[in-house]
Structures are given as structure tokens and as C-alpha cells.
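Colleague: dropping the sequence and predicted coords here.
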Amino acid sequence: MDSGLKAFLAVCAGVAIGLILISIGHAFSPYQPVGGIDYNNPAAYGDWLRSLPGEAFGIILVIFLIATFVGGFVTGWITPPVSFPPSFITGFTLLFYNIVTVLAFPNPAWMSYSSCVGCVAFALLGGWVAKKMKPVAR
């Protein structure tokens, strides 16, 4: 398989795994909206988000960072050695998802900044760890 196509598919796999992990993390977070509050009611949902303690946003931040690390790892594991790390693209794509989430819902500033920096950094770290763990083909 062409290395460019393989890198593209690896990025798609890493992003998909990252998004799945983010969705699972959100679904099993201990902080869930109480009955009657949903995404379709932005005012009520925003009020609920503003009432959450910092710990709730810390959990979401950890979910984002773990998801981008695993996504970068998957991308790094699949791709052949290339000069530009495809895990950066995985991290940037998940960063875009994160930015959309941060802009759509009220968040503390510390979470916005740390998740934006962390998404790319953790994806690159995941890709680097995958390359170090990957056996060398002879």
C-alpha cells in the first residue's frame, strides 16, 4: 500500500478512536445533566454547565488528553516512518473538535487553554511512544 494512503488511513483511524473515546468518556462522566436539560435548550444547558465544579471540567480535560494520546498512538503505530508525524494531524483534528466544543458551551478559561495545547502535544507524544514501541522491520 502507498505510504501516503496508509498515513491518511492511520490518521482517520486515530481520529475515529479519539472521538469514540471522547464520546464514551462523556457518556460515563459522573457529571450528567439532570432531567429535562439537554443540548437543544442552550440556556438551560449553559446554566447547568456554569454550576459545575472545576473537578467536572478536569475530568473532561483528562478525557480529551487520553483520547488524543490514544489517537496519536494508533496513528503512529499504523504509519510507516515518515519525516512529518501523522499523529500531529490526528491531534490537530481532535483539537478542531475540541475548539468547536469549547466555543459551543461555556467552559473555564484554564480548560480551554490547556485542552487546546494538550490535544496536539498528547497526540504527538502518543505517536512518539508508538514509534518507540514498534518493532523494527528487518
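Modeller: Arrived safely, thanks for sending.
Colleague: make it CA atoms for all contacts and neighbour counts henceforth
Modeller: Noted.
Colleague: tell me the buried residues in the lowest-mean-pLDDT helix or strand in the chain?
Modeller: Every helix and strand of the chain was ranked by mean pLDDT, DSSP states H and E. The lowest is helix 42-51, at a mean of 81. Using 16 or more other CA atoms under 10 Å as the burial criterion, the residues of helix 42-51 that qualify are Y45, G46, W48, L49.
Colleague: got it, and stretch 60-80?
Modeller: By 16+ other CA under 10 Å, the buried positions in stretch 60-80 come out as 60-61, 63-80.
Colleague: pLDDT on stretch 130-138, on average?
Modeller: Across stretch 130-138, the average pLDDT comes to 75.
Colleague: wait, I meant stretch 23-36
Modeller: For stretch 23-36, mean pLDDT rounds to 84.
Colleague: do the same with stretch 103-118
Modeller: The average pLDDT for stretch 103-118 rounds to 84.
Colleague: cool, stretch 76-85 as well?
Modeller: Mean pLDDT, computed over stretch 76-85, is 81.
Colleague: what does that stretch rub up against?
Modeller: 3, 6-7, 10, 86-87, 124, 126-128, 130-131, 134 (CA atoms under 8 Å, 6 or more residues apart in numbering).
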